[in-house]
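Colleague: coords below, sequence missing:
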Ligand code: CA
């Protein structure tokens, strides 16, 4: 019996060694790709930056080491907002960021990250993967010699931190708030003053009263940033960023050099990273919210309905103006809003109705 076991285990290990050698030989025979990934985040920035690390590691693991990716934080290889151009011209093979950073290249890019009162993370993934959104994104980035991939989603963000209460539309008048993008345009139309500040100046500006309010992301990142020390009123929901998509952009020549199996690995690793970020935010936001409320006496408040209705009407105006400027924006927005109208019918009787139902007996 012992002898049989010995032979069996010896046999198995011999087979194992054989497989290992074959695997090594086949890896050695295949080309290796050493890629650089530039990001728009500080190195290891919570969730957003660590998602870029996760993506690089996943691609390396899935490819058995045939693709190696070195991740660069903002300003390590190129400044944050030059990442798009750097990958476009091939200085780096891939980048990790958010599409609305590139509105200077094309206003349409904004529709691939977030639209005020637009779709949630779950809905937008439906549009991208199964509703025609991804093909439009690829068509847009093709102009820049890039291949895009959705890589992460923040979920619904918070409306932000306010020094004073927001009780009515009148309270938005004269409000100085750090809020970038389309949301900032909407605030301007409501009589406020949107301010664009680099991350490093947000906290001190709010604390000194140079600004009255700021949005950032959600409880997890906002807690780490210490924003509760500068203002106590934490309003929801993040009407301006209901499910912001993060992105990977890949140099098209570099992507085309990959054999088909590695192309599939890169694309599916991005899908895995997309899901991973939404899951991480879901897990970390809820625990951080408890800390903010229980340890830091933060007041969590809902924006009044009439304020939301006004912001929604103004958002439609702002989006229509962007759309009126160019034909491709019209095409993308038509696809996005058609999908949203349809999916809302389903979301309302599924997610929304269930969450309401669950709350009734809680
Ligand atoms: Ca935000």
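Modeller: In hand now; what should we look at? Just so you know, these numbers come straight off a predicted model, no measurement behind them.
Colleague: interface residues of the stretch 151-300 of the chain facing the ion?
Modeller: Residues of the stretch 151-300 of the chain lying close to the ion (Cβ under 5 Å from the ion) are 157, 215, 241. In short, each C-beta sits where N, CA and C put it, glycine included.
Colleague: turn these into TSV, including distance to residue 255.
Modeller: Formatted as TSV, those follow (distance: Cβ to Cβ, whole Å):
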residue	distance to residue 255
157	31
215	34
241	29
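Colleague: counting neighbours, which of these comes out on top?
Modeller: Scoring these on neighbours with other Cβ atoms under 10 Å, the highest-scoring entry is residue 241 at 28 neighbours.
Colleague: does that one touch residue 183 like I think?
Modeller: Yes. With contact defined as Cβ atoms under 8 Å, residue 241 counts as touching residue 183 (6.9 Å).
Colleague: between these two, which contacts overlap?
Modeller: 116, 215 (Cβ atoms under 8 Å, 6 or more residues apart in numbering).
Colleague: how near is whichever residue of the stretch 251-362 of the chain sits closest to the ion to residue 151?
Modeller: Proximity of the stretch 251-362 of the chain to the ion (Cβ to the ion) peaks at residue 281, 12.1 Å away. Applying Cβ to Cβ, to the nearest Å, the value for residue 281 to residue 151 is 14 Å.
Colleague: shaky segments in this structure?
Modeller: Judged by pLDDT under 70, the chain has its weakly predicted residues at 1-31.
Colleague: give me the spatial nearest neighbour of the residue of the stretch 51-200 of the chain found nearest the ion, chain neighbours excluded.
Modeller: When Cβ to the ion is the measure, the stretch 51-200 of the chain has its nearest residue to the ion at residue 157, with 4.9 Å between them. Beyond its immediate neighbours in the sequence, the residue positioned closest to residue 157 (Cβ to Cβ, 6 or more residues apart in numbering) is residue 238, lying 3.2 Å away.
Colleague: hang on, residue 245 packs against residue 127?
Modeller: No. Counting by Cβ under 8 Å, residue 245 does not reach residue 127; the two are 10.0 Å apart.
Colleague: in terms of neighbours, single out the busier of these two.
Modeller: Summary of the neighbour comparison: residue 245 and residue 127, criterion other Cβ under 10 Å, with residue 245 having more neighbours (28 against 22).
Colleague: in the sheet, who's paired with that one?
Modeller: Taking DSSP bridges, one finds residue 153 as the beta-bridge partners of residue 245.
Colleague: give the contact list for it.
Modeller: Residue 245 makes contacts with 98, 99, 112, 113, 114, 121, 124, 128, 150, 152, 153, 274, as judged by Cβ under 8 Å, 6+ apart.
Colleague: which one of those residues is nearest to residue 360?
Modeller: Looking at the contacts of residue 245 and their distance to residue 360, the nearest is residue 121, at 25.0 Å (Cβ to Cβ).
Colleague: need the contact list for the closest one.
Modeller: With contact taken as Cβ under 8 Å, 6+ apart, residue 121 is in contact with 153, 154, 155, 156, 243, 245, 278.
Colleague: hmm, 10 Å instead?
Modeller: 150, 152-156, 242-245, 274-275, 277-278, 281-282 (Cβ atoms under 10 Å, 6 or more residues apart in numbering).
Colleague: try residue 84
Modeller: Residues in contact with residue 84, defined by Cβ under 10 Å, 6+ apart, are 38, 40, 78, 95, 97, 99, 101-102, 104-105, 109, 141, 144, 146, 247, 249.
Colleague: now do residue 164
Modeller: Residue 164 sits in contact with 171, 175, 212, 213, 231, 233, where contact means Cβ under 10 Å, 6+ apart.
Colleague: phi, psi of it?
Modeller: phi -120, psi 170 (degrees, to the nearest 10).
Colleague: begin at 59, not 1, for the rest of this chat.
Modeller: That works, and once the first residue is 59, the last one we named lands at residue 222.
Colleague: if we can go back for a sec, quick one, which of the contacts of residue 179 are buried?
Modeller: When those are checked for burial by 16 or more other Cβ atoms under 10 Å, the buried set is 208, 210-214, 300-303, 332, 335-336, 339.
Colleague: which parts of this structure are strands?
Modeller: Per DSSP state E, the chain has strands spanning 91-97, 125-130, 152-155, 204-211, 218-220, 234-236, 251-253, 271-272, 291-294, 303-309, 357-360. These are given in chain order.
Colleague: okay, buried residues for the second one please.
Modeller: By that I understand strand 125-130. In terms of neighbour count (16+ other Cβ under 10 Å), strand 125-130 has its buried residues at 125, 127, 129, 130.
Colleague: what's that strand packed up against?
Modeller: Other elements packing on strand 125-130 under the criterion 3 or more Cβ pairs under 10 Å, 6 or more residues apart in numbering; DSSP states H and E are strand 91-97, helix 106-120, strand 152-155, helix 318-354.
Colleague: next one: the fourth one
Modeller: Counting contacts by 3+ Cβ pairs under 10 Å, 6+ apart, strand 204-211 is packed against helix 106-120, helix 141-147, strand 152-155, helix 179-188, helix 191-200, strand 303-309, helix 310-315, helix 318-354.
Colleague: need the winner for burial among the ones you listed.
Modeller: Each of these was given a mean neighbour count from mean count of other Cβ atoms under 10 Å, and the largest, a mean of 28, is that of strand 152-155.
Colleague: partner strands of that one and their direction?
Modeller: Each strand that strand 152-155 pairs with, and the sense of that pairing, follows from DSSP bridges: strand 91-97 (parallel), strand 303-309 (antiparallel).
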